[in-house]
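With the sequence up front, the predicted model follows.
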Amino acid sequence: MRSTIEEATHTGADRSHFEIETIEDYELATRRIADLDACARAEADERERQALLQAVARWDRSHDDATRWRDKT
C-alpha cells in the first residue's frame, strides 16, 4: 500500500495519505481501521484512521459494480 505523509507547515500538523492498489492492501487497511477502532487513539492515530477510511472509500467507489455504471456517463 502506498502511503505518504505531507507536512502542513502552516499548522504544524501532518497529513497522511494512503492509496490502496490491491485487494491485499484493502484487507490490510480494513484490519488496521478495526485495530484503531478497538483502542483509545492519539491524535496521530486518528489522522491515520481518517486517511485509511478515505482510501477504503476511494477503493470501494472504484470497485463497486452496483455504482460503476454511473461513473461512465
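Alright, I've got the coordinates.

just checking, what packs against the longest helix along the chain?
The helix spanning the most residues in the chain, taking DSSP state H as the definition, is helix 43-63. Using 3 or more C-beta pairs under 8 Å, 6 or more residues apart in numbering; DSSP states H and E, the elements in contact with helix 43-63 are strand 13-19, helix 23-37, helix 65-71. In this view, the C-beta of every residue, glycine as well, is placed from N, C-alpha and C.

helices or strands up against the longest one?
It refers to helix 23-37. Using 3+ C-beta pairs under 8 Å, 6+ apart: helix 23-37 touches helix 43-63.

Can you point out the buried residues in the helix it packs on?
Arg47, Glu48, Arg49, Ala51, Leu52, Ala55, Val56, Trp59 (16 or more other C-beta atoms under 10 Å).

And the pLDDT for the nearest residue to the second one once chain neighbours are set aside?
If I follow you right, that is Glu48. Excluding its sequence neighbours, the residue lying closest to Glu48 (C-beta to C-beta, 6 or more residues apart in numbering) is Ser16, at 5.3 Å. In this model, Ser16 is scored at 78, pLDDT.

give me the beta-bridge partners of Ser16?
Beta-bridge partners of Ser16, counted by DSSP bridges, are Ile5.

Could you double-check that it lies in contact with Arg47?
Yes - using C-beta atoms under 8 Å, Ser16 and Arg47 qualify as a contacting pair, with a distance of 5.4 Å.

what's around Phe18, how many residues?
Look at Phe18: counted by other C-beta atoms under 10 Å, it has 23 neighbours.
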